[in-house]
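Colleague: predicted model, plus sequence, below.
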Amino acid sequence: MLSRRADGYHELLTFLSAVDLADRVMVERIEAAAIEVECDAPGVPLGAGNLAWRAAALLRDEARIAAGARIRIVKAIPVAAGLGGGSADAAAVLTGLARLWAVALPPARRDALATALGMDVPFFLGDGPAVGSGRGERLAPAPPHASVPLVLVNPGFPLGTRDVYARLEPRDFTDGSAVRRLVAALAAGPRAIAACLVNGLERSAARLWPGLDEVKAALVEAGALGAVMSGSGPTVVGVAPSMAGARRIQAALAGRPWRCWVTRTVAAPPLSVTTGGARTGQSWGVAKR
């Protein structure tokens, strides 16, 4: 977190990577000129409050077509967890509906639509791990590196991104050197990465959720090489020495009142797209720091 901008956003330097924890989004053409959203997770808005719905509406307005679609979202990524699930939904809908409606957008225009939906959305349209700057939407490829075993811990409640950003204090801003050290450590493996973990939003999030340090400490006590909050939280990412080590960490945390996943980073594009008949489905995963 570098500074607060005059336009109300914040100047960022951040590392983003997909993981193999995935939601699934399916889009289908319907006869009515309407946008319908279905989701298996309770409490998820199904209208204009849903980023996937807004992505469909934005693309339809951009293409100036009278088209309809049904969007089905099967959630695996928790909601408002700092894991980018909503942004991934939106990117999946932009990609799937562009194919379904035969809308050909120049890459620059597609990225502009993605940025209008959210600063994380362009990442999900990219090719793999990236370093984000500006408001987070300016992306550069991250250095090549091997997959990193991870344990994700979510305490079971959401943290609002706006609430976390609103509680930033001047002492929370940095010059970005810690993130640059993290990016430089990627090629050196889990131990080097764990020694460089950083998230400039942690102190702000801890003002809303004092239990953050407890989760980080529990991960390390269970065998994680290091732990850091993902995005605006509250999910915490523990770096494991191996996939077997990640499973041992998960087992050690089984008695805690938290949700826990064993996963790993992947170098592939965040969206995986399959097409069948009139239907297009997407799946993805993400963890970001």
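Modeller: Here it is on my side, so go on.

Colleague: longest strand of the protein, counting residues only.
Modeller: Longest strand in the chain by number of residues (criterion: DSSP state E): strand 10-19.

Colleague: what about Ile35, how many neighbours?
Modeller: 25 (other C-beta atoms under 10 Å). C-beta: built from backbone N, CA, C; applies to glycine.

Colleague: can you pull out the strands in the stretch 151-289 of the chain?
Modeller: Shown for the stretch 151-289 of the chain, the strands assigned by DSSP state E, counting those that start in this stretch span residues 226-229, 236-239, 259-266, 271-276, 279-284, 287-288.

Colleague: reformat those strands as a markdown table; add mean pLDDT.
Modeller: Formatted as a markdown table, the strands of the stretch 151-289 of the chain follow (pLDDT from 0 to 100):
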| stretch | mean pLDDT |
| --- | --- |
| strand 226-229 | 98 |
| strand 236-239 | 98 |
| strand 259-266 | 96 |
| strand 271-276 | 80 |
| strand 279-284 | 45 |
| strand 287-288 | 40 |
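
Colleague: mind listing what the longest strand of the chain pairs with, with the direction of each?
Modeller: In the sheet, strand 10-19 lines up against strand 3-4 (antiparallel), strand 130-134 (antiparallel), strand 259-266 (antiparallel), strand 287-288 (antiparallel) (DSSP bridges).

Colleague: among these, which comes closest to Ala34?
Modeller: Taking C-beta to C-beta, strand 287-288 is the member of those nearest to Ala34, at 32.8 Å.

Colleague: so His10 makes contact with Arg162?
Modeller: No - in this structure, His10 is not within contact of Arg162 by C-beta atoms under 8 Å, at 11.4 Å.

Colleague: any idea how far the residue positioned nearest the centre of the chain lies from Ser232?
Modeller: The chain has Gly84 as the residue nearest its centroid, 2.3 Å off, counting by C-alpha atoms, centre = their mean. In this view, Gly84 and Ser232 are 10 Å apart by C-beta to C-beta, to the nearest Å.

Colleague: picking that back up, any idea which of the strands paired with strand 10-19 is most buried?
Modeller: Stretch with highest mean neighbour count among those: strand 287-288 (a mean of 26; mean count of other C-beta atoms under 10 Å).

Colleague: which of His10 and Arg162 has more residues huddled nearby?
Modeller: More crowded of His10 and Arg162, by other C-beta under 10 Å: His10, with 19 against 9.

Colleague: low pLDDT regions in the stretch 1-150 of the chain?
Modeller: Within the stretch 1-150 of the chain, the ranges that satisfy pLDDT under 70 run 1-3, 6, 8.

Colleague: other SSEs contacting the helix or strand harbouring Leu58?
Modeller: Assessed by DSSP states H and E, Leu58 sits inside helix 51-63. Here helix 51-63 touches strand 35-39, strand 69-74, helix 85-100, helix 107-117, going by 3 or more C-beta pairs under 8 Å, 6 or more residues apart in numbering; DSSP states H and E.

Colleague: closest one to Leu59 among those?
Modeller: Closest to Leu59 of those, according to C-beta to C-beta: helix 85-100, at 5.4 Å.

Colleague: does Ile71 really touch Val27, like I thought?
Modeller: Yes - judged on C-beta under 8 Å, Ile71 makes contact with Val27 at a distance of 5.5 Å.

Colleague: quickly list what's touching both of those two.
Modeller: Ala56, Val93 (C-beta atoms under 8 Å, 6 or more residues apart in numbering).

Colleague: returning to what we had before: help me confirm that the residue nearest to the centre of the chain comes into contact with Thr235.
Modeller: No - counting by C-beta under 8 Å, Thr235 is not a contact partner of Gly84; they are 10.2 Å apart.

Colleague: what's the burial count for Arg256?
Modeller: 14.

Colleague: partner residues bridging the spatially closest residue to Val220 that is not a sequence neighbour?
Modeller: In space, and not counting its chain neighbours, Val220 is closest to Ala227: 5.8 Å by C-beta to C-beta, 6 or more residues apart in numbering. Ala227 forms beta bridges with Gly238, as assigned by DSSP bridges.

Colleague: was I right about Ala227 contacting Val215?
Modeller: Yes - at 7.4 Å, Ala227 and Val215 qualify as touching, with contact defined as C-beta under 8 Å.
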